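Undergrad: Coordinates for the following, if possible.
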Amino acid sequence: MAVMAVIFGVGIVVDDRVVAGAPVWSKPFKFAVSFVAYCPSLAWALSLLTRGRRVGWWAGTVVSAACLVEMAIITGQAARGRRSHFNRETPFDEALFNAMAVTVVILWLGMLVIAVLLLRTRITDRATAWALRSGISLALAGAAVGFLMSQPAPGQRRGVSKVVGAHSVGVPDGGPSMPLTGWSTTGGDLRIPHFFGMHALQLLPLLVMVVTALAPRFARLADERVRLRLALLASGVYAAAFALVLWQALRGQALIHPDGVTLGVAGLIVVAAVLGTYGSLRVPGHRRAQAHEAGLVS
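TA: Numbering: from 1, shown residues only. So this is what the prediction gives:
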């Protein structure tokens, strides 16, 4: 995927073809980059399994194969200058999209098996355990947003329309969009919660890694209970933010043009995050005393 991302990046520069309002190679490029982040984190999660390792190996292999098939179809359609998603213009295009839909379901089921295994496995560091479990649960929810995209948009009919399904809500696909991401600037876009949810599997464990790395320098972070509180708080805030961007997209509202209600809910999430962080960092008196004795607190 890393090699393909470089090739697709070159393609964006040298190939001036456009599909659905975006450079023909932008979708393969974004998928390749996303998989570059997603697959190593999933492999790391599998390495932590203490039970069901063989089942986890097979589930990981199925997920990898599904990713490969999906990328092959997306790349092939880009080379042909055709849409890969929601394309029912010809029997061949429809067959490819149906095959991709099947691989997405298989990928999701493989992730579900891994999520169940992670929920059952014992991980010594509780903060890492909860960040990982929350991350893959949110990744499942983010992946499931893809099923919403495949539903007919207003004016589309199965068996009649050449395109059935859409990324955007309230506006046609291919309209004004944000640079790089291609997310709509005039209406809702389901790719936002899809992306945000899928990458919880990297961001939440990464946060715990950063906190753990800072522990030798900050006494409060050396307390395992503090790290656990921060991991749980981050998981809750991330889930709330995911729900907010999903709700915003379903209401046909662009990410960069939130209304008062969206801003109000976002404000509540920020306040909860700040207060939660303050509460999580509080160390009981006896713990501080022990830290003083250990020379961790000046």
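Undergrad: Please list all residues in contact with Ala59.
TA: Ala59 makes contact with 110-111, 113-114, 117, according to C-beta atoms under 8 Å, 6 or more residues apart in numbering. The way it works is simple: take the backbone N, C-alpha and C, and place the C-beta from them, glycine included.
Undergrad: now, which of these lie within helices?
TA: 110-111, 113-114, 117 (DSSP state H).
Undergrad: Adding distance to Arg158, write the residues you listed out as a markdown table.
TA: A markdown table is the format used below for those (distance: C-beta to C-beta, whole Å):
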| residue | distance to Arg158 |
| --- | --- |
| Gly110 | 27 |
| Met111 | 27 |
| Val113 | 30 |
| Ile114 | 32 |
| Leu117 | 36 |
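Undergrad: Show me which of those is closest to Gly146.
TA: Met111 (11.9 Å; C-beta to C-beta).
Undergrad: Run a quick check on that closest one versus Ala144, I expect a contact.
TA: No: assessed by C-beta atoms under 8 Å, Met111 is found out of contact with Ala144, at 9.9 Å.
Undergrad: higher neighbour count, the two?
TA: It is Met111, of Met111 and Ala144, that has more neighbours when counted by other C-beta atoms under 10 Å, with 25 against 16.
Undergrad: Nearest spatial neighbour of the more buried one, chain-adjacent residues omitted?
TA: Leu140 (5.6 Å; C-beta to C-beta, 6 or more residues apart in numbering).
Undergrad: Around that neighbour, how many other residues sit close by?
TA: Neighbour number of Leu140 under other C-beta under 10 Å is 18.
Undergrad: Which helix or strand lies directly C-terminal to the helix or strand it falls within?
TA: For Leu140, the element it lies in under DSSP states H and E is helix 126-149. As assigned by DSSP H and E, the chain's next helix or strand after helix 126-149 is strand 168-169.
Undergrad: Now find how far off-centre that next one is within its chain.
TA: 18 Å (C-alpha atoms, centre = their mean, to the nearest Å).
Undergrad: Does the residue nearest to Met111 touch Val113 like I think?
TA: No: contact status for Leu140 versus Val113: not in contact, 10.7 Å apart, counting by C-beta under 8 Å.
Undergrad: Now do stretch 161-175, average pLDDT.
TA: Taken as a whole, stretch 161-175 carries a mean pLDDT of 89.
Undergrad: ok, and what's touching it?
TA: So stretch 161-175 is contacted by 20-22, 83, 85-89, 149-153, 155-158, 184-191, 249-253 (C-beta under 8 Å, 6+ apart).
Undergrad: what do you get for stretch 272-282?
TA: 220, 226, 229-230, 233, 236-237, 240.
Undergrad: For PyMOL, write the select line for the buried members of these.
TA: Buried subset of these, written as a PyMOL selection, criterion 16 or more other C-beta atoms under 10 Å:
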select buried, resi 220+226+229+230+233+237
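Undergrad: for the contacts of stretch 272-282, which one is nearest Gly76?
TA: Closest to Gly76, out of all of those and judged by C-beta to C-beta, is Ala240, at 38.9 Å.
Undergrad: What pLDDT is listed against the closest residue to the closest one other than its chain neighbours?
TA: Computed as C-beta to C-beta, 6+ apart, the closest residue to Ala240 that is not its neighbour in sequence is Ile269, at 4.9 Å. Looking at Ile269, its pLDDT is 98.
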